[in-house]
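Undergrad: let's see this in three dimensions:
(2 chains)
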Amino acid sequence: MIGVTYDPVDGLIKLGLAATLLITVITITYIKRLRLSRSIAIAAARGFLQLMAVALVITAVFQSESLLLVVLILSLMLIIAAHTSAKRAERIPGPFAVTLPAIAIGASSALISMVITGVLPPTPEFLIAFGGLTIGGSMVICSLALNRLAGAISSNRDRIETSLCLGASSEEALEPYTRLSVAASLIPSIDTVRTLGIIIIPGTMTGMIIGGTDPLWAAEYQLIRYFMLIAAGIITSILATHLAEKHLLTDCTPAGSGEVMM
Amino acid sequence: MIEATYDPASGLIKLGLAATLLAITIAISHIKRLRLSRELGIAAVRGFLQLMAVALVITAVFQSESLLLVLLILSLMLMIAAHTSAKRAERLPCPFAVTLPAISIGASSTLMAMVVIGVIPTEPEFVIPIGSMIIGGSMVVCSLTLERLVGEVSSNRDRIETSLCLGASSKEALEPYARQGVAASLIPSIDSLKTLGIIVIPGAMSGMIIGGVNPLWAAEYQLIISFMFLAANITTTILATHLAERYLFTEAHQLIVRGIEEAR
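TA: Numbering: from 1, shown residues only, chains lettered A, B, ... in the order given. Reported below is the predicted structural model:
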């Protein structure tokens, strides 16, 4: 078990020893002329600084015990996630107006329903950990869905224009492509759940076991986390494609249809 | 914080509620005709059965407190990982003879190094989950390396044959492609280390925080795990390319790759 109170000396020594191991291996890559040593060293330093900063912020939030601060941090995560996802979906006009509501509604509906039903206790420890994971997962799914949608539309532009010409509404014309994008965006998460526990003990479960939690509890919380992730992912993905539809077609509608704006 | 002892009733109710949330969204996906409902349902059930089975085995090992059993489980994981990775590298002759030593030396050297200097306590609670993560990571990297290497070799076959004709040894002829394979397979792990803590609090760290560990400890153990992960990955990928080199050429420095003719 890990000590309950943080001992900076002991912690930094252990971290230093692990870093020494990494440095040894970086030296090997240098000898092998892999031209990777610089990027590995930078990645390690960045990872260290970022994670310690996160830990300090979380510690401060835990000590303040203010729920307002927790909500503030989660909203900040949401905005960063929406921004990151919007950058990936540059081909869609006004991407941030699509990703922010999609991720926010998807992630928060899963999180809030679990807190209300009492599955997750409303303590900062749970809210920040599960909230962060759900928001991060929704972000990835949102990017995948939008990317796929934009790709499908640009490669099937002729067909969509034809359907529009033949009198289909924008929703009808896009339907097969939105359905495909939503399904495609969920496949990686479904695969992860299907192979859960084969060879790799998943991250959250590992962390909980190290933290001294009973493995059965750890397994159940890991499953809860994935069920939430997929639930949030489905909502996010459906919302994102619906919202994107509006930004992809103009609403100049003599017959209820529009033009593709890509 | 979670109660220390497991309460099956409360646990299963909570899980059931989360499953209800999932069922509702699956119903939505069914209404939207996404044709995913069956797959989602099967994945959820499989995930549940597998993870609970793993938890029961781990609980039994923790209670027995026998280090022998821990080693047995880790070796079993190694065998499965090597087998999985070998299946991905089918175009290589004798893939298992490459993946098993590469993954086991890569993963066990880092794990043992950390246990010997005392960074990771020799308790099953630490060794099993961290060991499994490292073995799993090495497996993924090993598959990536071999796939890339065989791909590079088959698309650059003419150049390699030419170098061999001009008197290069098999090692010299393969060197640029081997190096590219190693570098490409390491990019995902380097990227994940670089973006650590941005938006998503990494899995192991959030698990420790939920388990009641001080966030600073949690961050440090996450970093230790990530460093070990990358070190094991690098060792595995270098070993895998070296071993693959032997099987890609005859002793007389002739190139042999199964399946290349069909691929061309």
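
Undergrad: alpha carbons only for contacts and neighbour counts from here, please
TA: Noted.

Undergrad: low-confidence ranges, chain A, go.
TA: Where chain A drops to pLDDT under 70, the residues are A:1-4, A:251-262.

Undergrad: again, only using 50
TA: A:254-257 (pLDDT under 50).

Undergrad: now chain B
TA: For chain B, the ranges with pLDDT under 50 are B:262-264.

Undergrad: let's go with 80 and repeat that
TA: B:1-6, B:199, B:257-264 (pLDDT under 80).

Undergrad: which stretches of it form helices?
TA: Listed in chain order, the helices of chain B (DSSP state H) span B:8-31, B:37-64, B:67-88, B:96-116, B:124-155, B:157-165, B:170-194, B:203-210, B:215-248, B:260-263.

Undergrad: from the contact counts, what lies against the longest one?
TA: What that stands for is helix B:215-248. helix A:8-31, helix A:37-64, helix B:96-116, helix B:124-155, helix B:170-194, helix B:203-210 (3 or more CA pairs under 8 Å, 6 or more residues apart in numbering or on different chains; DSSP states H and E).

Undergrad: count the neighbours of residue B:74 for me.
TA: 21 (other CA atoms under 10 Å in any protein chain shown).

Undergrad: gap between it and residue A:205?
TA: 17 Å (CA to CA, to the nearest Å).

Undergrad: now do the contacts for the nearest residue to residue B:65 once chain neighbours are set aside.
TA: Closest residue to residue B:65 apart from its sequence neighbours, by CA to CA, 6 or more residues apart in numbering or on different chains: residue B:124 at 7.3 Å. Residues near residue B:124 by CA atoms under 8 Å, 6 or more residues apart in numbering or on different chains: B:61-62, B:65, B:67, B:70.

Undergrad: how deep is residue 142 tucked in, by neighbour count?
TA: Unless you meant another one, I'm taking chain A. 37.

Undergrad: my bad, the chain I had in mind was chain B
TA: Around residue B:142 there are 36 residues (other CA under 10 Å).

Undergrad: surely it is in contact with residue B:234?
TA: No: counting by CA atoms under 8 Å, residue B:142 does not reach residue B:234; the two are 9.6 Å apart.

Undergrad: among the helices and strands packed on helix B:215-248, which is nearest residue B:217?
TA: helix A:8-31 (6.9 Å; CA to CA).

Undergrad: re the thing from before, TSV for the contacts of residue B:124, including neighbour count?
TA: Formatted as TSV, those follow (neighbours: other CA atoms under 10 Å in any protein chain shown):
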residue	neighbour count
B:61	19
B:62	19
B:65	14
B:67	15
B:70	21
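
Undergrad: closest to chain A among the residues you listed?
TA: residue B:62 (9.3 Å; CA to the nearest CA).

Undergrad: how about residue B:48: what's its closest non-neighbour residue?
TA: Leaving aside its sequence neighbours, residue B:48 sits nearest to residue A:223 (CA to CA, 6+ apart; 6.8 Å).

Undergrad: okay, and that neighbour sits in which element?
TA: For residue A:223, the host element (DSSP states H and E) is helix A:215-248.

Undergrad: now do residue A:94
TA: Assessed by DSSP H and E, residue A:94 sits outside every helix and strand.

Undergrad: for the stretch 51-200 of chain B, which residue gets nearest to chain A?
TA: Closest approach between the stretch 51-200 of chain B and chain A, counting by CA to the nearest CA: residue B:194, at 4.2 Å.

Undergrad: contacting residues for the residue lying closest to that residue once chain neighbours are set aside?
TA: Closest residue to residue B:194 apart from its sequence neighbours, by CA to CA, 6+ apart: residue A:43 at 4.2 Å. Contact analysis of residue A:43 by CA under 8 Å, 6+ apart lists B:190-191, B:193-195.

Undergrad: how does it look with 7 Å?
TA: If a contact means CA atoms under 7 Å, 6 or more residues apart in numbering or on different chains, then residue A:43 has B:190, B:193-194 as its contacts.

Undergrad: now distance to residue B:89 too, for the contacts of residue B:124, in CSV please.
TA: CSV is the format used below for the contacts of residue B:124 (distance: CA to CA, whole Å):
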residue, distance to residue B:89
B:61, 33
B:62, 35
B:65, 37
B:67, 33
B:70, 29
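
Undergrad: who in the stretch 1-150 of chain B is up against chain A?
TA: Contact residues (CA under 7 Å from any CA of the partner chain) of the stretch 1-150 of chain B with chain A: B:4-6, B:11, B:14-15, B:18-19, B:21-22, B:25, B:34, B:36, B:40, B:43-44, B:46-48, B:50-52, B:54-56, B:58-59, B:77, B:81, B:114, B:119, B:125-126, B:129-130, B:132-133, B:136.

Undergrad: hmm, 6 Å instead?
TA: Residues of the stretch 1-150 of chain B lying near chain A by CA under 6 Å from any CA of the partner chain: B:14-15, B:18, B:22, B:25, B:34, B:43, B:46-47, B:50-51, B:55, B:77, B:119, B:125-126, B:129, B:132-133, B:136.

Undergrad: which of those residues count as buried?
TA: Buried by 16 or more other CA atoms under 10 Å in any protein chain shown: B:14-15, B:18, B:22, B:25, B:34, B:43, B:46-47, B:50-51, B:55, B:77, B:119, B:125-126, B:129, B:132-133, B:136, out of these.

Undergrad: distance of residue A:19 relative to chain B?
TA: Separation of residue A:19 from chain B (CA to the nearest CA, to the nearest Å) stands at 7 Å.

Undergrad: ok, now residue A:73?
TA: 10 Å.

Undergrad: so that residue belongs to a strand, correct?
TA: No: read with DSSP: H, G, I helix; E, B strand; the rest coil, residue A:73 is helix and lies in no strand.

Undergrad: burial count for it?
TA: Neighbour count of residue A:73, defined by other CA under 10 Å: 18.

Undergrad: what count of nearby residues applies to residue B:214?
TA: For residue B:214, the neighbour count with other CA under 10 Å is 22.

Undergrad: quick one on the thing from earlier: among the contacts of residue B:124, which one sits closest to residue B:216?
TA: Distance to residue B:216, by CA to CA, is smallest for residue B:62 among the contacts of residue B:124, at 26.1 Å.

Undergrad: quick check: chain neighbours aside, which residue is closest to that closest one?
TA: residue B:124 (6.2 Å).

Undergrad: then the helix or strand hosting residue A:108 to PDB, C-alphas only?
TA: Assigned by DSSP H and E, residue A:108 belongs to helix A:96-116. What follows is helix A:96-116, C-alpha atoms only, in PDB (Å, rounded to 0.1, in the frame of the first residue of the first chain):
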ATOM      1  CA  PHE A  96     -16.700  24.600 -31.800                       C
ATOM      2  CA  ALA A  97     -20.500  25.200 -31.900                       C
ATOM      3  CA  VAL A  98     -20.900  21.500 -32.700                       C
ATOM      4  CA  THR A  99     -18.400  20.000 -30.300                       C
ATOM      5  CA  LEU A 100     -19.100  22.000 -27.200                       C
ATOM      6  CA  PRO A 101     -22.800  21.200 -26.900                       C
ATOM      7  CA  ALA A 102     -22.300  17.600 -28.000                       C
ATOM      8  CA  ILE A 103     -19.500  16.800 -25.600                       C
ATOM      9  CA  ALA A 104     -21.100  18.800 -22.800                       C
ATOM     10  CA  ILE A 105     -24.500  17.200 -23.000                       C
ATOM     11  CA  GLY A 106     -23.100  13.700 -23.600                       C
ATOM     12  CA  ALA A 107     -20.600  13.700 -20.800                       C
ATOM     13  CA  SER A 108     -22.700  15.600 -18.200                       C
ATOM     14  CA  SER A 109     -25.900  13.500 -18.800                       C
ATOM     15  CA  ALA A 110     -23.900  10.300 -18.000                       C
ATOM     16  CA  LEU A 111     -22.200  11.900 -15.100                       C
ATOM     17  CA  ILE A 112     -25.200  13.500 -13.500                       C
ATOM     18  CA  SER A 113     -27.400  10.500 -13.900                       C
ATOM     19  CA  MET A 114     -24.800   8.300 -12.100                       C
ATOM     20  CA  VAL A 115     -24.500  10.900  -9.300                       C
ATOM     21  CA  ILE A 116     -28.200  11.200  -8.800                       C
END
